[in-house]
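Q: Prediction below, plus the sequence it came from.
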Amino acid sequence: MYDHLTIVDHPLVQHKLSLMREKETQSAVFRQLLREISQLLAYEVTRELPMTTQEIDTPLQKMDAPVLAGKKLALVSILRAGNGLLDGILELIPLARVGFVGLYRDEETLEPVQYYFKVPEALEDRLVIAVDPMLATGNSSVAAIDLLKKAGARNIRFLCLLAAPEGVARMKEAHPDVPIITASLDERLNENGYIVPGLGDAGDRMFGTK
């Protein structure tokens, strides 16, 4: 369907996502599920990290053991909902460098408005994983990737919980070199730019806001 899109169909991912979709799921449970599912998605997005070997001592002998190579990867949260994915991935990769892109969606135009940008140095030498639970219109995601490329990033992946076909197409048009990893490709966007069937506004559900 889309050669730049990977849908993680692991049973645990799909089960937890179904629980998150339930409108009665409380914020505390929603946040915990998002933390758990982010770690499962992180296994997929980091599958091709470069490796090297390092000599270590096991209790029995020396060996050349596989270890990660190169500079520490950078996780970039697209605020505010991206922090829900960020927290879980950091538990898995605690030494990752962390950046933030502050964008909000103008509810009339659906266009992104930037209000914050702070990222690690030497992005050109790092794998950069941008995280945001929802890939809806794709406008905010495209704007975030634009900013990351301007800051030097060359190897970027985009990790989200849900994607709409419109957002996937928009990302491919603007950034065909950026793979997308998601738990689900949903049906469509509604007239308000929300993913259907979706799970509502991820930020509001995480933080109990309206």
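A: Cool, the structure landed.
Q: Just the residues contacting the longest helix anywhere in the chain, thanks.
A: With secondary structure taken from DSSP state H, the chain has its longest helix at helix 27-45. If you take C-beta atoms under 8 Å, 6 or more residues apart in numbering as the criterion, helix 27-45 is touched by 6, 8, 10, 12-13, 16-17, 19-20, 25, 84-89, 91-93, 129, 131, 133, 157, 159, 161, 181-183, 202, 205-208. All C-beta atoms are positioned from the backbone trio N, CA, C, and that covers glycine.
Q: what's the answer for stretch 74-84, then?
A: Residues outside stretch 74-84 that contact it (C-beta under 8 Å, 6+ apart) are 31, 34-35, 38, 85-86, 89-90, 93, 96-103, 116, 119-120, 123, 126-134, 140-141, 144, 148, 153, 201-203, 206-207.
Q: one more time with 7 Å
A: Stretch 74-84 has contacts (C-beta atoms under 7 Å, 6 or more residues apart in numbering) with 31, 34, 86, 89-90, 96-103, 116, 119-120, 123, 126, 128-134, 140, 144, 148, 202-203, 206.
Q: again with stretch 188-208
A: Against stretch 188-208 from outside (C-beta under 7 Å, 6+ apart): 20-21, 27, 30-31, 34, 80-81, 84, 110, 133-134, 136-137, 162, 164-166, 186-187, 210.
Q: List the buried residues in that stretch.
A: Leu189, Gly193, Tyr194, Ile195, Gly198, Leu199, Asp201, Ala202, Gly203, Arg205, Met206 (16 or more other C-beta atoms under 10 Å).
Q: how much distance is there from that stretch to the middle of the chain?
A: Centroid separation for stretch 188-208 versus its chain: 16 Å, with C-alpha atoms, centre = their mean, to the nearest Å.
Q: And for stretch 76-95?
A: 8 Å.
Q: next one: stretch 113-124
A: Distance, stretch centre to chain centre, for stretch 113-124: 15 Å (C-alpha atoms, centre = their mean).
Q: With stretch 73-83 instead?
A: Centre-to-centre, stretch 73-83 and its host chain are 7 Å apart (C-alpha atoms, centre = their mean).
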